[in-house]
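# Have a look at this prediction, sequence included:
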2 protein chains.
Amino acid sequence: MIKNNLLIRALKKEKTERPPVWIMRQAGRYLPEFMRIKKKYDFFTRCQTPELATEITMLPINEIKPDAAIIFSDILVVLQAMGLNVEMSELIGPVIKNPLRNEKDINNLTVNDIDDRLNYVFRAIKLTKNELNNELPLIGFAGSPWTLLCYAIEGKGSKNFNYTKQFCMKNSNLAKKILNKITKATIKYLKTKIAYGVDVIKIFDSWGGILSNEDYKIYSLPYIDEIVKSLHSSIPVIVFAKGCWHSLSELSKIEVSALGIDWTCNPKFARKITNNQLTLQGNFDPNKLFQPRHKIKTDVKKMISEFGKDNYIVNLGHGILPNTPVENVKEFINTVKDI
Amino acid sequence: MIKNNLLIRALKKEKTERPPVWIMRQAGRYLPEFMRIKKKYDFFTRCQTPELATEITMLPINEIKPDAAIIFSDILVVLQAMGLNVEMSELIGPVIKNPLRNEKDINNLTVNDIDDRLNYVFRAIKLTKNELNNELPLIGFAGSPWTLLCYAIEGKGSKNFNYTKQFCMKNSNLAKKILNKITKATIKYLKTKIAYGVDVIKIFDSWGGILSNEDYKIYSLPYIDEIVKSLHSSIPVIVFAKGCWHSLSELSKIEVSALGIDWTCNPKFARKITNNQLTLQGNFDPNKLFQPRHKIKTDVKKMISEFGKDNYIVNLGHGILPNTPVENVKEFINTVKDI
């Protein structure tokens, strides 16, 4: 059994003495030690070397002491394993040299041997579980099929993914074919992650927010639903659909254990739209970690009192930002622990 | 009197035989003639030469025949007139060479002679009013103080304007000083626009959506409110706060004539959150103009039936995109006219 089981209990809607706390991208670019590793190894070397991924995963555990670890990786490794040539550019972020353009490209996407190609993730999970020594739960994650499709078609990050949306408007059936393939690959990937010992699954729908509710129900929700169903409630699943306030009601009705909430959605709205039934996670604006520390403390307390301390996981409303002062992050975590 | 008074009547909440229709960025990069002008003259030459601005403003009037004209300009001309060095880069969009960094920069912002520096806009309005010959109403616009502050501090476009938000978190009083100065300049600017004959004012809060409701009420809403109040209901004001679903309720309570709605907000939610009281404008996803034409027709009809044909202005949920087929834009407009 895992000693610190606050997160697992919150996800099962059990009462906890205080809400668990962890931070999206907690192994990220605000940690000096991470920056040292980043200088030595490029992005995919860090992801694909299990010893490095484990070392990076453990950095925040020792430094800021959250209630969960999340395996260091990237949502795009699935597309890479499916045959897309993903590169990470320091300046412009992810770039895919062979984005999907037509049916032939889509037919060429590999699903079958995905587990072999992602073996490095599973080995990192095994190593990290050893390091964690049952002290903390380990979260494994994947991108939602819609979010991965955005990168697969656009070929890079974008503000609105207009090219992708236009592709979908013109070739709805091709888009669905891609989504089905990504869904299949993701299910395999997550099942193997679970077999290797992750305790919680998190699905990131980073780009669902560019869709209307109507289009969300066509292009994103059904595929997340399929993934969640396929896991048969074997372990808890958190879905974080950034900007998807418009579809939180529908998301709360699939078999998820918790929904991540961003800061544009206040706690009262989030509780109401999810029918007061679900565990919620979030939603501190990462920029608020740049405030003076006494203000961070006040704001965190206010957030917890608004969400309520039960059925709640304290987190940011998006990934932590580069240059966030480590002492402020500790203030954030310790304020929760002092409750 | 203006012959086509559909827009004005809809803004006064009078019954209309059909909703008026116009398109954000209707003089934009989907029009072949605009592209020819764009090749010859750079961005600010187009804005600052009244004859060119008038010619560009009139292009869509003759080509797609909307129910209103909107003066060709840019929200950033106000920052330029206040002393910031704004350049428009073809690749990366607006760039400000001297972004605001400290109190001295803020003190240096000019408010007093803003009308002299923006004289070219007023001359363009005069010329365009002549060209329009009372056939159609003319819309004049400005950016919201928050949105202009985003550019003034960040120095360029951004996905999340994190640098700006961090500036506000650390220097809330300085941020308010900037917002007050921009508000003063904008009020002068809009009053002179009205004196020169624009029939409707539109305020674009393009970046309000990155704020929480709580921060929106600190950094954006009060300044929009101040601007709207200062115009004393002399002409109708439309506020389009993109992504600001979280603050539509508050926005509906200031003295606006209409609120613009984006596509993430469905008509039912938009009507309900604004208490069924206000004229609403929107909210067709610009990417949906890339659909087959029969689908555009179906979707436009559905949108109108969902918003209801009264107290409603048909528009997109954001600016029209480059490469949108002109025939599809005509289908959009004509579907509304055929109702």
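Structure received. Residues are numbered from 1 along each chain as shown, chains lettered A, B, ... in the order given.

# Now the helix or strand harbouring A:D116: buried residues?
Using DSSP states H and E, A:D116 sits within helix A:114-117. Neighbour-count burial for helix A:114-117 flags A:114-115, A:117 (criterion: 16 or more other Cβ atoms under 10 Å in any protein chain shown). For the C-beta atoms, the positions are set from N, CA and C on the backbone; glycine is no exception.

# Could you count how many residues lie near the closest residue to A:T335 other than its chain neighbours?
Leaving aside its chain neighbours, A:T335 sits nearest to A:V300 (4.3 Å; criterion: Cβ to Cβ, 6 or more residues apart in numbering or on different chains). The number of residues packed near A:V300 is 23, by other Cβ atoms under 10 Å in any protein chain shown.

# How much space separates A:D115 from A:L149?
Counting by Cβ to Cβ, to the nearest Å, the gap from A:D115 to A:L149 is 21 Å.

# Over to the residue in the stretch 51-200 of chain A that chain B sits nearest to. Which of the three states is it?
Chain B sits closest to A:K165 of the stretch 51-200 of chain A, with a gap of 4.0 Å, by Cβ to the nearest Cβ. Recorded secondary structure, A:K165: helix (DSSP: H, G, I helix; E, B strand; the rest coil).

# and the nearest residue to it once chain neighbours are set aside, helix, strand or coil?
With Cβ to Cβ, 6+ apart as the criterion, A:K165 has its nearest non-adjacent residue at 4.0 Å, and that residue is B:N287. The local conformation at B:N287, judged by three-state DSSP, is helix.

# for chain A, which helix is longest?
Using DSSP state H, we find that the single longest helix of chain A is helix A:172-195.

# Who are the contact partners of the residue nearest the centre of chain A?
Taking Cα atoms, centre = their mean, the centroid of chain A lies closest to A:F204, which sits 4.0 Å from it. Contact partners of A:F204, counting by Cβ atoms under 8 Å, 6 or more residues apart in numbering or on different chains, are A:75, A:141-144, A:147, A:240, A:242.

# Would you mind giving those residues as JSON lines with neighbour count added?
Output for the contacts of A:F204, formatted as JSON lines (neighbours: other Cβ atoms under 10 Å in any protein chain shown):
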{"residue": "A:I75", "neighbour count": "19"}
{"residue": "A:F141", "neighbour count": "20"}
{"residue": "A:A142", "neighbour count": "23"}
{"residue": "A:G143", "neighbour count": "23"}
{"residue": "A:S144", "neighbour count": "29"}
{"residue": "A:T147", "neighbour count": "24"}
{"residue": "A:F240", "neighbour count": "25"}
{"residue": "A:K242", "neighbour count": "22"}
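
# which pair in the residues you listed spans the largest distance?
Greatest spatial distance among these (Cβ to Cβ): A:A142 and A:K242, at 14.9 Å.

# ok, A:N4 to A:I201 distance?
A:N4 is 18 Å from A:I201, by Cβ to Cβ.

# actually A:E131, not the one I wrote
Applying Cβ to Cβ to A:E131 and A:I201 gives a distance of 20 Å.

# Compare neighbour counts for those two and give me the winner.
Applying other Cβ under 10 Å to A:E131 and A:I201 shows that A:I201 carries more neighbours, namely 24 against 16.

# hang on, the more buried one in a strand?
Yes. In this structure, A:I201 lies within a strand as judged by three-state DSSP.

# Please name the residues that touch it.
By Cβ under 8 Å, 6+ apart, the contact set of A:I201 is A:139-142, A:190, A:193-194, A:231, A:235-238.
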